[in-house]
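S.K.: Mind looking at a prediction? Sequence and model below.
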Amino acid sequence: MLSAERIGHAFGGSPVLSEASLALGAGEIVGLGGMSGSGKSTLGRILGGHLVPQSGRVRLDGAPLPPPGVGRPAPVQYAPQAAELAVDPRWRIGRILANGGTPDPEAIAALGVAPAWTDRHPSELSGGELARVSLARFFHPGLRALVCDEITAQLDALEQAALLERLTGVARRRGLALLLVSHSAGLRARYCDRSLILTEGRLVPEAMPR
Ligand SMILES: Nc1ncnc2c1ncn2[C@@H]1O[C@H](COP(=O)(O)OP(=O)(O)OP(=O)(O)O)[C@@H](O)[C@H]1O
């Protein structure tokens, strides 16, 4: 459904990705690991349409990703690290959840976002609560795939598990393809159907622990 074919990308002449390829099916949950600086966020941004790769291509159902359009949220979304940096601190939670369009009530409820938070500002939520809000804003009825970049790195173990249970549950119910970027091999093994490791610019399958 979502594929990246021989993606190559360099910054200032330093190659980060070289012939990185992957394919995600509907409803599939795939982990992405790799050393710090190996290019996981760069690949996530390319898949989400934030960055155009210097070579290779991203396809959704065999066609190029649609160009970003006003009033038409993209079918592939990239949720960045550090929720507190990715939301405007002056906006109330209700406005953040709408994300320039219409909030998605099913995802908001499934991710455990409380209606009582609507009128608060980001600083008036805990880190775990804000992580839920930050994720819920990427959902919309046309969403097909979501790249989550270390979205639980700053949460304690309980909150991490709660968010990932909710996220993987809603992804499976809606047939979303989910790419979970994480440094934690344990997290990848627990929540993902399979995992890939980014190394020297390429993606290789991760051996699943027995
Ligand atoms: N806009 C940019 N300009 C220049 N270099 C960049 C840019 N974005 C990323 N890089 C470099 O590309 C490399 C890969 O970065 P990236 O953030 O994709 O790695 P990562 O695997 O996600 O790392 P981490 O696990 O630490 O988050 C790094 O060396 C980084 O400094």
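M.R.: Alright, I've got the coordinates.

S.K.: Could you use CA atoms for every contact and neighbour count after this?
M.R.: Will do.

S.K.: host element of Gly8?
M.R.: Using DSSP states H and E, Gly8 sits in strand 2-11.

S.K.: ok, that strand: who's next to it in the sheet?
M.R.: strand 14-24 (antiparallel), strand 55-60 (antiparallel) (DSSP bridges).

S.K.: list the buried ones in the first one?
M.R.: Within strand 14-24, the residues that qualify as buried are Val16, Leu17, Ser18, Glu19, Ala20, Ser21, Leu22, Leu24, counting by 16 or more other C-alpha atoms under 10 Å.

S.K.: Same question for stretch 103-115.
M.R.: Buried residues in stretch 103-115 (16+ other C-alpha under 10 Å): Pro103, Asp104, Ala107, Ile108, Ala110, Leu111, Gly112, Val113.

S.K.: Out of these, which sit inside helices?
M.R.: Mapping these onto helices (DSSP state H) picks out Ala107, Ile108, Ala110.

S.K.: can those residues go into TSV with extra columns for distance to the ligand?
M.R.: Listed next are those as TSV, based on distance: C-alpha to the nearest ligand atom, whole Å:
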residue	distance to the ligand
Ala107	26
Ile108	27
Ala110	27
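
S.K.: Against which helices or strands is the top helix by length along the chain packed?
M.R.: Ranked by number of residues, the top helix in the chain under DSSP H is helix 157-174. Helices and strands touching helix 157-174, by 3 or more C-alpha pairs under 8 Å, 6 or more residues apart in numbering; DSSP states H and E, are helix 105-110, helix 127-136, strand 177-181, helix 185-191.

S.K.: Can you tell me which of these is most buried?
M.R.: Highest mean neighbour count of the helices and strands packed on helix 157-174: strand 177-181, a mean of 25 (counted as mean count of other C-alpha atoms under 10 Å).

S.K.: That one pairs with which strands?
M.R.: In the sheet, strand 177-181 lines up with strand 29-33 (parallel), strand 145-149 (parallel) (DSSP bridges).

S.K.: Just want the angle from the last one to helix 157-174.
M.R.: The reference is to strand 145-149. If you take axes from the mean of the first three to the mean of the last three C-alpha atoms, to 10 degrees, strand 145-149 sits at 170 degrees to helix 157-174.

S.K.: Show me how far strand 145-149 is from its chain's centre.
M.R.: 2 Å (C-alpha atoms, centre = their mean, to the nearest Å).

S.K.: what's the angle from that strand to helix 127-136?
M.R.: Between the axes of strand 145-149 and helix 127-136, defined by the same axes, to 10 degrees, the angle is 150 degrees.

S.K.: List the contacts of strand 145-149.
M.R.: By C-alpha atoms under 8 Å, 6 or more residues apart in numbering, the residues outside strand 145-149 that reach it are 2, 26, 41, 44, 47-48, 75-81, 176-182.
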